[in-house]
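Asks: Got a predicted structure plus its sequence, pasted below:
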Amino acid sequence: MKKSIFTVLALLLVFVLAAVGHSADVKKGIHIGNAGAFTGDAAAPCMEIYNSAQIALDEWNARGGIQGVKIEQIMGDDAMDPAQGVNVAHKFVADKLMYGVIGPPMSHIAQATLKTYGSADLAQITTSASKPDLTEQGYQHFFRVNARNDAHGWNAALFIKNYLKAKKVAILNEKVAYCENLSKETVAGLKKLGITDIMQDTIVGGAKDYSAVLTKVKAFKPDVIFFIATTAPDNAIGVRQTKELGIDAIFFGSEGARDKKDYIQATEGAAEGSYVYHFAPDIYGIPAAAGYVKTYETKYGSLSGFGPTAYEAMNILLTAIDQAAADGDITRKEVVDYLHKVKNYKGILGFPVSFDKKGDLVGGATYFFQVSGNDFKQVSVMTGK
């Protein structure tokens, strides 16, 4: 009986090693996962992420792929639900041809799946997940091409004080990891800057009606409302109801609001003059991005701002896979190791990408936009000063 148990355990160990740590012939194929919310209120930005990553992948395949092997991108829909995110992670980990994942873009999904990917040494590059402790837990496989919330929160506080000239601020946040953490970081920054007249309250993502909490905001009479919601549709409802209630305050939306269709167009003019912050720059002002922009708009239509970091992330990931596969064999751990060596990668974002030892972007910035007509106009870039 004991012998059979040991035999089963040995076979399980062999299976795990074969699935995760084995050295494989690259000629068998190369898969890249893309984890995101491809259904629901965040579908538009996540599809922009997926399509932008596909453009980079198509360019690699047009040049012959990696070691003559064509690369395939696999979609994994988490629908903004942590449990579904974990299911996607297990699916990707079980795929023996999977050597890296783009995403998840949302912090609460990234948080839920971190251990699953990490246990399998499966490299991840997120395009926007910004909760600081994602890279503070000792995992080596997780990287990001965006700044963290401790940078965004401080920069948002600087923007609110120095650019918007606010003295009284209302901060509303959705109760998920990214929003709660950004709210905390921004409040700490405002207090450090001497702004202490702050109202804080929470909102529920997807609620469709924020008039109750906004009525309390109206009574507070803030100079600025910082509306920290995950998706553009929620930000759109927030800014529209702010106008409907006659609240005389500057509306400042979160990064998810930078969507031309689901924020600007959806509000039918109510978003005019409002502000949003974002993790990526105005790509139209960067000459190196012209080819990407033209390809995206030709194939997929309007470009908002979530795609550029995905194009960059896919190129960085495929470069690491290419290096790992140079001898004809490849392991997931090799890919992770090469990502840790990324220094001054020059792509389309207007700055060279380097990762520190934790996997964080070195020297990331926060970009601020104002809605003008049917587009976002970049009005400021802040780097902590």
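Replies: Structure's in. What do you need?

Asks: Quick one: end-to-end distance for stretch 225-237.
Replies: Chord length of stretch 225-237, first to last residue, is 13 Å (Cα to Cα, to the nearest Å).

Asks: The closest residue to Ala157 other than its chain neighbours: which element?
Replies: The shortest distance from Ala157 to any non-neighbouring residue, by Cβ to Cβ, 6 or more residues apart in numbering, is to Gly189 (2.9 Å). The C-beta positions use only the backbone N, C-alpha and C, and glycine is treated the same way. Gly189 belongs to helix 177-192 when assigned by DSSP states H and E.

Asks: helices and strands around that helix, which ones?
Replies: Judged by 3 or more Cβ pairs under 8 Å, 6 or more residues apart in numbering; DSSP states H and E, the packing partners of helix 177-192 are helix 107-119, helix 149-158, strand 168-174, strand 197-203, strand 224-228.

Asks: And the next helix or strand along the chain from the last one, what's buried?
Replies: Next helix or strand after strand 224-228 toward the C-terminus (DSSP H and E): helix 232-244. The neighbour-count check on helix 232-244 (16 or more other Cβ atoms under 10 Å) flags 232-242 as buried.

Asks: And for stretch 363-381?
Replies: Here stretch 363-381 shows 364-371, 376, 378, 380 as buried, counting by 16+ other Cβ under 10 Å.

Asks: Just list the residues touching the closest residue to Thr383 other than its chain neighbours, thanks.
Replies: Residue nearest to Thr383 in three dimensions, not counting chain neighbours: Ala365, with 4.8 Å by Cβ to Cβ, 6+ apart. Contact partners of Ala365, counting by Cβ atoms under 8 Å, 6 or more residues apart in numbering, are 147, 151, 155, 281, 351, 381-383.

Asks: Local confidence estimate at Ala365?
Replies: With respect to pLDDT, Ala365 scores 95.

Asks: Distance-wise, check it relative to Ile250.
Replies: As judged by Cβ to Cβ, to the nearest Å, Ala365 and Ile250 stand 22 Å apart.

Asks: Can you list the low-confidence ranges for the stretch 1-150 of the chain?
Replies: Along the stretch 1-150 of the chain, segments meeting pLDDT under 70 span 1-23.

Asks: Would you map the strands across it?
Replies: Ranges of strands in the stretch 1-150 of the chain, per DSSP state E, counting those that start in this stretch, are 24-25, 30-36, 71-77, 98-102, 124-126, 142-144.

Asks: which residues of the chain fall in helices?
Replies: 2-20, 43-62, 82-94, 107-119, 149-158, 177-192, 211-220, 232-244, 290-300, 307-324, 332-339 (DSSP state H).

Asks: if we can go back for a sec, the contacts of Ala365, buried ones only, as a PyMOL selection?
Replies: Only the buried entries of these go into this PyMOL selection, using 16+ other Cβ under 10 Å:
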select buried, resi 147+151+155+281+351+382
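
Asks: which among the contacts of Ala365 gets closest to Ile102?
Replies: Ala147 (17.8 Å; Cβ to Cβ).

Asks: Show the contacting residues for the closest one.
Replies: Taking Cβ under 8 Å, 6+ apart, one finds 130, 279, 361, 364-366 in contact with Ala147.

Asks: How about Met199?
Replies: Contacts of Met199 by Cβ under 8 Å, 6+ apart are 169-171, 216-217, 220, 222.

Asks: quick one: pLDDT of it?
Replies: At Met199, pLDDT is 98.

Asks: beta partners for it?
Replies: Note on Met199: beta-bridge partners Ala170, judged by DSSP bridges.

Asks: what's around the residue lying closest to Ser274 once chain neighbours are set aside, how many residues?
Replies: Nearest residue to Ser274, sequence neighbours excluded (Cβ to Cβ, 6+ apart): Phe251, at 4.2 Å. By the criterion of other Cβ atoms under 10 Å, Phe251 has 24 neighbours.
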